[in-house]
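S.K.: quick one, structure for this:
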Amino acid sequence: MISSMDAQEIHDLVLSIRKETGWGVGRIKGELFKLGYKDIGRTTINNILRQHGFKPEPIGDPDNTWSNGRSSRMAHVALNIEVHFPK
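M.R.: Model (predicted):
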């Protein structure tokens, strides 16, 4: 059971981590876990961030998508493949 003192501490930690790092819910949850707050869920973190005007996940680079990354990696692999033809 989380006391009201712990609840305020968690609330402050979530906001502090977000303001200092810009991290999203998953990374904040991971940091809280490392600090010993193992029962804090993503929904709780989302609610705290939303109460203070933060979106749960920081705005990312729109070009940094899985599909674009895959295309980039495939182009890189294709450039590095040597084709050997029999003589």
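S.K.: what ranges does this structure have for its helices?
M.R.: 4-21, 25-34, 42-51, 66-80 (DSSP state H).
S.K.: what comes up buried for the first one?
M.R.: When you say that, I think you mean helix 4-21. Within helix 4-21, the residues that count as buried by 16 or more other Cβ atoms under 10 Å are 10-11, 13-15, 17-18. Using the backbone N, CA and C atoms, a C-beta is placed for each residue, glycine as well.
S.K.: and the third one, by the same measure?
M.R.: Applying a neighbour-count criterion of 16+ other Cβ under 10 Å, one finds 44-46, 48-49 buried in helix 42-51.
S.K.: possible to save the residues you listed as TSV with pLDDT and distance to residue 27?
M.R.: TSV is the format used below for the buried residues of helix 42-51 (pLDDT from 0 to 100; distance: Cβ to Cβ, whole Å):
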residue	pLDDT	distance to residue 27
44	94	15
45	94	10
46	94	13
48	95	14
49	94	12
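S.K.: can I get those in a markdown table including distance to residue 22?
M.R.: A markdown table is the format used below for those (distance: Cβ to Cβ, whole Å):
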| residue | distance to residue 22 |
| --- | --- |
| 44 | 19 |
| 45 | 14 |
| 46 | 16 |
| 48 | 15 |
| 49 | 12 |
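S.K.: ok, so of those residues, who is nearest residue 32?
M.R.: Distance to residue 32 across the buried residues of helix 42-51 (Cβ to Cβ) is lowest for residue 45, with 7.7 Å.
S.K.: which residue packs closest to that closest one, ignoring adjacent ones?
M.R.: Nearest non-adjacent residue to residue 45, counting by Cβ to Cβ, 6 or more residues apart in numbering: residue 25, 4.9 Å away.
S.K.: quick check, nearest of the buried residues of helix 42-51 to residue 6?
M.R.: Using Cβ to Cβ, residue 44 comes nearest to residue 6 of the buried residues of helix 42-51, at 12.0 Å.
S.K.: could you find the closest non-adjacent residue to that closest one?
M.R.: Sequence neighbours aside, residue 10 is the residue nearest to residue 44 in space, at 7.8 Å (criterion: Cβ to Cβ, 6+ apart).
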